[in-house]
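**Student:** got a predicted structure here, sequence first:
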Amino acid sequence: MGDVLIVQNSKSGGPGRLGDWLAEAGLELDVVLAHEGAPLPDRLAHRALIMLGGGYLPSEDDRAPWLRDVRRLAGHALADGVPFFGVCLGGQLLAEVAGGEVTGDVGAPENGSVPVTIRPEAARDPLFRGLPRVVPAVEHHKDAITRLPAGAVHLAETGRCPYQAFRVGERAWGVQFHPEVVPERIRAWQADGFDPDEVYARALADEPVSTPIWREVAARFAKVVANRRVSRGGGGGPHGAPRT
């Protein structure tokens, strides 16, 4: 069994460079192709959990029946202090499981590389501390978090979508953007209200700035995973109960 369980929710939504960076940091990855019907474990025994993006809302079990199991595992991670990193759908799922709110088709969609503002609250965050005030990040969503869980730390925002990054407890992070995506992957997106060539060109131009920053964030997450003490007895956190 590897160190990190990664849940993939669509054919094109693999771990990408995020997986490469975590492997470079010495972590072994188990990628579960949930969208293809691969089973998820009954209990989270890995040292970390990563939930990737996908074209669903966190509770759309009728379209993606494995989401019920992912919510359960996310609840286990929160209860036991297992490091969690949620990307896009994964971040929305973390927010919902911890008691926040996610709304479908809300506000203006974000596509391509956009400037994400790092909030002052990030100054003491293990992953986001010391980042530049504005960092380019790749976005591809029309659904959004509309209310953070109680007690969550709000880490980053954009004008169109305020809840771009947040932390629940000490070791669970959710982001609305896609640090794993390289510009070439944008070419596979369905053009829905945006110019794919323009979006690709912008992401390519921003990559020299964004890549080292998100690589550093991935390395910091890997350090959180490596430093976590394995608790044999588990531990009840304030957001320990999964919503199913």
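**Tutor:** Yep, that arrived. Numbers count the residues shown, from 1 in each chain.

**Student:** got a list of contacts for the helix or strand bottoming out on mean pLDDT in the chain?
**Tutor:** Between all helices and strands in the chain, the lowest mean by mean pLDDT, DSSP states H and E belongs to helix 183-186, at a mean of 90. With contact meaning C-beta atoms under 8 Å, 6 or more residues apart in numbering, helix 183-186 is reached by 12, 16, 112-113, 138, 140, 196, 199-200, 203-204, 207. For the C-beta atoms, the positions are set from N, CA and C on the backbone; glycine is no exception.

**Student:** need the contact list for Arg160.
**Tutor:** 107-108, 110, 114.

**Student:** of the residues you listed, which is the most crowded?
**Tutor:** Among the contacts of Arg160, the one with the most neighbours (other C-beta atoms under 10 Å) is Glu110, at 23 neighbours.

**Student:** what sits closest to it if chain neighbours are left out?
**Tutor:** Nearest residue to Glu110, sequence neighbours excluded (C-beta to C-beta, 6 or more residues apart in numbering): Glu139, at 3.7 Å.

**Student:** distance-wise, check the one you found relative to Leu5.
**Tutor:** Separation of Glu139 from Leu5 (C-beta to C-beta, to the nearest Å) stands at 25 Å.

**Student:** what about the least confident helix or strand of the chain, distance to the chain center?
**Tutor:** What separates the centre of helix 183-186 from the centre of its chain is 18 Å, taken as C-alpha atoms, centre = their mean, to the nearest Å.

**Student:** which helix or strand lies directly C-terminal to it?
**Tutor:** helix 196-227 (DSSP states H and E).

**Student:** which strands and helices lie in contact with that following helix?
**Tutor:** With contacts defined as 3 or more C-beta pairs under 8 Å, 6 or more residues apart in numbering; DSSP states H and E, helix 196-227 has these neighbours: helix 16-24, strand 48-51, strand 110-118, strand 134-141, helix 183-186.

**Student:** one more pass at 6 Å, please.
**Tutor:** Where contact means 3 or more C-beta pairs under 6 Å, 6 or more residues apart in numbering; DSSP states H and E, helix 196-227 is packed against helix 16-24, strand 110-118, strand 134-141, helix 183-186.
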